[in-house]
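Q: following is a predicted model, sequence given first.
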Amino acid sequence: MQMRRVVVTGMGAVSPFGRGVECLMANLTAGQSAVTAVPELARITGLRSWVAARVPGIDPKQIPRKFRRSMSSMSVFATLASYDAIAQAGLTPEACTSGDLGVVIGSTIGPTQVIEEFFRDFFTDRSLERMRSTLFFQIMNHSCATNVAQALDITGRILAPAAACSTGCQAVGYGYELIAMGKQEFLLCGGADEFHPLSAATFDVMTAASTRYNDCPRRTPRPFDHDRDGVVCGEGSGILLLESLESARRRGARILAEVLGFATVTDPISIANPGAESMATCMQKALLDGGLAPGDIDYVNAHATATLQGDPAECEAILRVFGDGIPVSSLKGHLGHTMAASGALELIATVEMLNRGTLLPTLNLDAVDPSCAGVRHVRGVEAIPIQRAVKNSFALGGVNSSLIVGRYAYD
C-alpha cells in the first residue's frame, strides 16, 4: 500500500493561559508561568500539593446550549479548540459533514468533578430522581470525541484513545496513520483534560507531585532542575487538524507542518517508573517510520514532568539516540502537566517553534541536576532555524509515544 503524506493545516489550543494558539505562544515566549495556588486543595486532608495550572476565562456559552448541556469542562475545552483548528484550516461546513472528516480525541479518565457531584447527591438519599438525562454523555470515556463530533456535525471515523499522559501524542499519531493509509481525508486529533483534586492526589500518593513550592507556585514544576520535586497538574486541550498533502494542495490550504514519523511502544518493566531503554526504542522507531536518521532532527521537545525518576531517564534516552548536541527543552515549567492534553498542546507549540525559527527554554531550570546532564538544555529563547523536531510523551502504565514533525517545503 502506498502511504500518503500527512500535514497539519489547523491548530486550536485551550491552555492554562487561555484560549488560542497566539495566547499560548505569547505567554510561552514571555517566560510566563500558568501555575497558581489553589486554596481549596489545602483543605483536603493528606494532600500536600496545593498548586495547579487551571484554564482561565473560557466562556462555554460560545457553544450552543443543545451541545453544551452534554459537556463537562474537558469537552468544552476540546470543542472550542476544535472550532479554532477548523477555522484556521478553512474547512467548510460541507467538508465537516461529508464523511471525510473524523475525530481522534482522548482524555485520561472521565470528568471526575461531574462524577463526584452525582454521587454526592445520590448518597444523600440513594435517589435517582434528580439525575439529569445528559449525565452519561458527560462522563463516558469517549465524551470529548463524541461531543466534538456532535457540535461540528462530523460523520467520519471516531476514536477516543486513553493512554494517560501519552494520549494527546497517540491521538495525533493514530490520526497520521489513518490519513496515510487513506482511511480519512481530514482528522481532528488531540487530547483534553480537566483538573480535579484527585489528579494532584494521584501523583501525591506516589510521591511524584510537587509539594515544596505551595507558597511560590510559579517556581514549580522544575523539569531537569536540581531542586525539582515533582508534577504540577494542569488542564486544557490541544487539537490539530491533519489532512493528506494532496487535499491541502487541492484546497490551497496553508500548511503549518508535516507529520514525518510516529511510534508508540509499551514498557513492561514497571507500571510506574519510566525506563530509558524503552524511551530510546520509541524515538528510534519514530525515526525508522519516517525514514530519518538521528542527525536529521534539530530539536527534542521533552515530556519531562519534573519527577525524580522520569527526567533523568528521558535525558539518558535522548543522549543514546541523538548524542549531546541536540537542543532539548520541556514546556511543563510554563504549563504544568496538562495530562491527556499535554502531548497535543506541546506539539502545537513545537510546530510554532519550527515556523518561527525560535526555541523556547525550560522554565525554572536554574541548575541542571547532574542526573540530567549530558544533553544540551535550552536555557533561554534561542533564534535557531530548525527543520524537524521530535515530540515525546511518556505515560504511567509504560505507554511511550514519539512524534516527528517538520517544516513543509513548498515546491
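A: Looks like it came in fine.

Q: give me the low-pLDDT residue ranges for this protein?
A: Counting by pLDDT under 70, the chain contains low-confidence ranges at 1-2, 411.

Q: buried stuff in the top helix by length along it?
A: When the chain is parsed with DSSP state H, its longest helix is helix 73-89. Buried residues in helix 73-89, counted by 16 or more other Cβ atoms under 10 Å: 73-86, 88-89. To be clear about C-beta, it is placed using only N, CA and C from the backbone, and glycine gets the same treatment.

Q: how far away from the center of its chain is it?
A: Its chain's C-alpha centre and that of helix 73-89 lie 14 Å apart, by Cα atoms, centre = their mean, to the nearest Å.

Q: for Asn392, grab phi and psi.
A: With angles defined as degrees, to the nearest 10, Asn392 sits at phi -100, psi 140.

Q: can you classify Val300 by secondary structure?
A: Secondary structure state of Val300, per DSSP: H, G, I helix; E, B strand; the rest coil, is strand.

Q: picking up where we left off before, by contact count, what packs against the longest helix of the chain?
A: Applying 3 or more Cβ pairs under 8 Å, 6 or more residues apart in numbering; DSSP states H and E, one finds that helix 73-89 contacts strand 6-15, strand 18-19, helix 143-152, strand 186-193, strand 236-244.

Q: quick one: which of these is nearest Ala34?
A: strand 6-15 (7.1 Å; Cβ to Cβ).

Q: run me through the strand neighbours of that closest one, direction for each.
A: When pairing is defined by DSSP bridges, strand 6-15 lines up against strand 18-19 (antiparallel), strand 236-244 (antiparallel), strand 257-266 (antiparallel).

Q: pick the most deeply packed of the ones you listed.
A: Per-stretch averages of neighbours, counted by mean count of other Cβ atoms under 10 Å, single out strand 236-244 among the strands paired with strand 6-15, with a mean of 31.

Q: which stretch among the helices and strands packed on helix 73-89 comes nearest Ala389?
A: Closest to Ala389 of the helices and strands packed on helix 73-89, according to Cβ to Cβ: strand 6-15, at 12.5 Å.

Q: just want the angle from that closest one to helix 73-89.
A: Here strand 6-15 runs at an angle of 130 degrees relative to helix 73-89 (axes from the mean of the first three to the mean of the last three Cα atoms, to 10 degrees).

Q: dump strand 6-15 to CSV, restricted to CA.
A: The C-alpha trace of strand 6-15 is given here as CSV (Å, rounded to 0.1, in the frame of the first residue of the first chain):
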residue,chain,number,x,y,z
VAL,A,6,0.2,14.0,6.1
VAL,A,7,0.2,17.6,7.0
VAL,A,8,-1.1,20.0,9.7
THR,A,9,-3.4,22.8,8.4
GLY,A,10,-5.2,23.9,11.6
MET,A,11,-4.4,24.1,15.3
GLY,A,12,-6.5,25.1,18.3
ALA,A,13,-5.4,25.5,21.9
VAL,A,14,-7.2,26.0,25.2
SER,A,15,-4.3,26.1,27.7
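
Q: can you offset everything so residue one is 54?
A: Right, with 54 as the first residue, what we last looked at is strand 59-68.

Q: now it against strand 239-246, angle please.
A: 30 degrees.

Q: work out for me the element the closest residue to Gln203 other than its chain neighbours sits within.
A: Distance criterion Cβ to Cβ, 6 or more residues apart in numbering; nearest residue to Gln203, sequence neighbours excluded, is Phe120 at 5.7 Å. Secondary structure assignment for Phe120, by DSSP states H and E: helix 118-121.
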